[in-house]
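Asks: Here's a sequence, model it:
(chains A and B)
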Amino acid sequence: MTIEAILKDDIQKAIQKHFDVTVEDIILQPTKKEFEGFYTFVTFPLTKSIRKSPAEIGQIIGTELAEHSSVAEKFNVVQGFLNISLKDTTWLELFSDVFNDQDFGTFPSNGQSVMVEFSSPNTNKPLHLGHLRNNFLGDSLSKILKASGYDVVKTCLVNDRGIHICKSMLAYRELGNGETPESSGMKGDHLAGKYYVLFDKEYKTQIKELVEQGMPEEEATKKAPWILEAQKLLLLWENNDPETVALWHKMNGWVYEGFRQTYDKIGVGFDKTYYESNTYLLGKDIIEEGLSNNVFYKKPDNSVWIDLTAEGLDEKLVLRGDGTSVYITQDLGTTELKFSDFHNNRYLWVVGNEQDYHFKVLFAILKKLGRPYADGCYHISYGMVDLPSGKMKSREGTVVDADDLVEQMIQTAASRTQELGKIDDFDSAEAKQLYNQLALGALKYFLLKVDPKKRMLFNPEESIDFQGHTGPFIQYTYARIRSIIRKAEQSGIQPVIPPVSYVLHPAEKELIFALSQYPVRVQAAANEFAPSVISLYAFELAKVYNQFYAEVSIFSDPNPDSVKFRVALSGAVSETIQKALGLLGIEVPERM
RNA sequence: GGUCCGGUAGCUCAGCUGGAUAGAGCAGCUGCCUUCUAAGCAGCAGGUCAUGUGUUCGAAUCACAUCCGGAUCACCA
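Replies: The predicted model follows:
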């Protein structure tokens, strides 16, 4: 039973005893900084059933708690707020829960498994900042769900075929002159992206020419030579034309090597990768099934539809008249495949909020088809990363490239570290590792501290901070503590919980309180699918520690119990920071 | 136009299962390194919580309306 639960129980009993009123759900909130106490119980709602003033009720409950509660020590009442302080022995018990449990904040298996699909890149261009948000969210969520008791399967569905891939293939065929990543010195994904942009440039020129010749723009976009050629290439690919398939293999191979490097660098990986070229034909048997069940219906042109107007959606096409798939057909098939491969209890998709509607439709169809996994499906919809100039567009080259950004962050981390001159004794490998940790710490934290649902702004003119509410601030706190732990080890000081007679310093209580919150936050983050909950927690914990650090002296305190206790506290904080940042995919440095 | 999401300090964001004088960080201004890492700490200043009405003992939080921004409503993915 947690302290909070005991306190709630005591309050419930006190109300029962003094007023003969039963309150089933006692709500406690953390006491505001400017008042004394750690938990606050609001008594306003009780005035209806108990005909006394809020303050009087608070006084009576408080008195009862102070006399009989096993955890509460004293109280004060401000209007309808009963602020409760805990006994020192209670604080020490709370801390020993943290201190003695190596897995504090990691929940035992809940017997459920979940698949998290994220990243899902297109093989016609390199990753950009928006993909980084997706990757970091997916990776972090997977870790958070695992810590909260789920068995997690991370998957990636690579969008490796389609008209957009053919566009870069075509531009390469026409303009490439046999260029390769080796000959150009470009990373393969960047090379493919270059031709994707070149396609768009030429395509636009062609449209412009046709329009100048008097063709309406709408028609021109459909009749420009290169778009027709790209469509032809797609047909050739679908018919397994050896030359086309060879080019496709070659270019995708370059892209995969490029992606591999980027994934390695940012520390993201998958348990299972699906390729759309293998799955794009799936789903047609489900269409047949739906037709025979009358879930779907056919129009005169042979196209297949579903009517979702009763669900508040529209009529949706699920199969073209010529029998070819659309996006939703493939997703139906792929989801079925995932289920037959893994039989998970839940399926999550980390995909931008521009696809909210698509997923509503997908889930509604799955439900109508009576799929057993339909209720476990959930779209983790996140907001776009916008630039001050607006939306990023790959075709127009207005993107913040992932590789460039990471490289730039590493440079900033290096120069900042060198300015401070604290690691002059590091060899180059150690220094490089630190710069990487700091760069990714800053970047990941920047993208994960914001509520995933909200769109966020990135201003390339202002580099991402290393001070204040940032990843490096938290990493710094960790490094500071490690320094203390090393000193304690050298001096032979053991981390020990003090005897029950120990009188705690207020800063110590604050730290224990912050530590005790960790499991609650892990659970909340998992329930809300929000790594930002962990981000904010890690920052709060680091802040409380830095206050503690500035306020008390660890080694020069005359009381040996204090010294040992503070070393123990520091150790627990460092471990909790490491765990919390770990859930965000952020590493911690021993020194910085 | 329909649907969905958002609008909190100059900037970036917390807070949103209703509770105390609305919180951080950045930027600005003051202090604090002969003692455990100053990538830190303490403080000052900065707010019609988009607007209006309602519900309530109490509203940034809930409801309704309005304004502004974004997404989406493709036989694209």
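Asks: and the residue of chain A found nearest RNA strand B, helix, strand or coil?
Replies: Residue nearest to RNA strand B within chain A: A:G468 (2.1 Å; CB to the nearest atom of the strand). The way it works is simple: take the backbone N, C-alpha and C, and place the C-beta from them, glycine included. With DSSP: H, G, I helix; E, B strand; the rest coil as the basis, A:G468 sits in coil.
Asks: Look at it and say how many residues are nearby.
Replies: 8 (other CB atoms under 10 Å).
Asks: and it, what are its phi and psi?
Replies: Backbone torsions of A:G468, given as degrees, to the nearest 10, read phi 80, psi -140.
Asks: Show me the strands in chain A, by range?
Replies: Remark: strands assigned in chain A by DSSP state E are A:28-30, A:39-42, A:72-78, A:81-86, A:113-117, A:151-158, A:272-275, A:297-298, A:304-307, A:315-319, A:346-352, A:377-382, A:385-386, A:456-457.
Asks: Any buried residues in the third one, and which?
Replies: Read that as strand A:72-78. Using 16 or more other CB atoms under 10 Å as the test for burial, strand A:72-78 gives A:A72, A:E73, A:F75, A:N76, A:V77, A:V78.
Asks: Close to RNA strand B: what parts of the stretch 251-400 of chain A are there?
Replies: Contact residues, the stretch 251-400 of chain A versus RNA strand B (CB under 7 Å from any atom of the strand): A:276, A:299, A:301, A:303, A:312, A:314, A:317, A:320-322, A:325-327, A:330, A:353-358, A:383-384, A:391.
Asks: out of those, which are inside helices?
Replies: Counting by DSSP state H, these place A:E276, A:Y327, A:Q330, A:D356, A:Y357, A:H358 in helices.
Asks: quick revisit: tabulate the strands of chain A (a markdown table), appending distance to A:Q261 and mean pLDDT.
Replies: As requested, the strands of chain A are arranged in a markdown table below (distance: least, CB to CB, whole Å; pLDDT from 0 to 100):
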| stretch | distance to A:Q261 | mean pLDDT |
| --- | --- | --- |
| strand A:28-30 | 45 | 91 |
| strand A:39-42 | 50 | 94 |
| strand A:72-78 | 57 | 93 |
| strand A:81-86 | 52 | 94 |
| strand A:113-117 | 22 | 97 |
| strand A:151-158 | 16 | 97 |
| strand A:272-275 | 16 | 96 |
| strand A:297-298 | 48 | 92 |
| strand A:304-307 | 42 | 94 |
| strand A:315-319 | 38 | 92 |
| strand A:346-352 | 22 | 95 |
| strand A:377-382 | 25 | 94 |
| strand A:385-386 | 22 | 89 |
| strand A:456-457 | 26 | 88 |
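Asks: just the ones you listed: most buried one?
Replies: With neighbours taken as mean count of other CB atoms under 10 Å, the strands of chain A reach their highest mean count in strand A:113-117, at a mean of 24.
Asks: Can you list the strands that that strand pairs with?
Replies: Strand A:113-117 sits in its sheet next to strand A:151-158 (parallel), strand A:346-352 (parallel), going by DSSP bridges.
Asks: Check what contacts stretch A:544-560 and list those residues.
Replies: The contact list for stretch A:544-560 (CB atoms under 8 Å, 6 or more residues apart in numbering) reads A:477, A:480-481, A:484, A:487-488, A:491, A:493, A:505, A:507-508, A:510-511, A:514, A:563, A:566-567, A:569-570, A:573, A:577.
Asks: can you pull the contacts of the most centrally placed residue in chain A?
Replies: Centroid-nearest residue in chain A, with CA atoms, centre = their mean: A:L137, separated by 2.6 Å. Listed by CB under 8 Å, 6+ apart, the contact set of A:L137 reads A:F118, A:V350, A:I380, A:Y382, A:L447, A:L448, A:P452, A:P531.
Asks: Please apply the same query to A:K272.
Replies: A:K272 is in contact with A:V153, A:K154, A:T155, A:C156, A:D341, A:F342, counting by CB under 8 Å, 6+ apart.
Asks: gap between A:P121 and A:E354?
Replies: From A:P121 across to A:E354, the span is 16 Å (CB to CB, to the nearest Å).
Asks: and if you look at A:E315?
Replies: 21 Å.
Asks: Wait, A:Q79 touches A:E56, no?
Replies: No: A:Q79 lies out of contact with A:E56 (CB atoms under 8 Å); the separation is 11.1 Å.
Asks: who in the stretch 451-592 of chain A is up against RNA strand B?
Replies: By CB under 7 Å from any atom of the strand, the residues of the stretch 451-592 of chain A that approach RNA strand B are A:451, A:453-457, A:459, A:465-470, A:472-473, A:476, A:479-480, A:482-484, A:487, A:532, A:536, A:539, A:543, A:546-547, A:549-556, A:589-592.
Asks: Which ChimeraX command selects the buried ones in those residues?
Replies: To isolate the buried members of these in ChimeraX, using 16+ other CB under 10 Å:
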select /A:456,466,470,472,473,476,479,480,482,484,532,536,539,549,552,554,589,592
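Asks: show me the contacts for the residue nearest to A:S463 when sequence neighbours are not counted.
Replies: Leaving aside its sequence neighbours, A:S463 sits nearest to A:T412 (CB to CB, 6 or more residues apart in numbering; 5.7 Å). Going by CB under 8 Å, 6+ apart, A:T412 touches A:A439, A:A442, A:S463, A:I464, A:F466.
Asks: Can you get me a residue count around the closest residue to the first one other than its chain neighbours?
Replies: Across the structure, with CB to CB, 6+ apart as the measure, the residue nearest A:A439 apart from its sequence neighbours is A:M409 (3.7 Å). Neighbour count for A:M409, taken as other CB under 10 Å: 22.
Asks: Mind pulling up the pLDDT for A:M409?
Replies: If you check A:M409, the pLDDT there is 95.
Asks: Tally up the residues packed near the closest residue to A:E219 other than its chain neighbours, please.
Replies: Closest residue to A:E219 apart from its sequence neighbours, by CB to CB, 6+ apart: A:L210 at 7.8 Å. By other CB under 10 Å, the residues close to A:L210 number 19.
Asks: Return the member of the buried residues of strand A:72-78 nearest to A:K222.
Replies: If you rank the buried residues of strand A:72-78 by distance to A:K222 using CB to CB, A:V78 comes first, at 71.2 Å.
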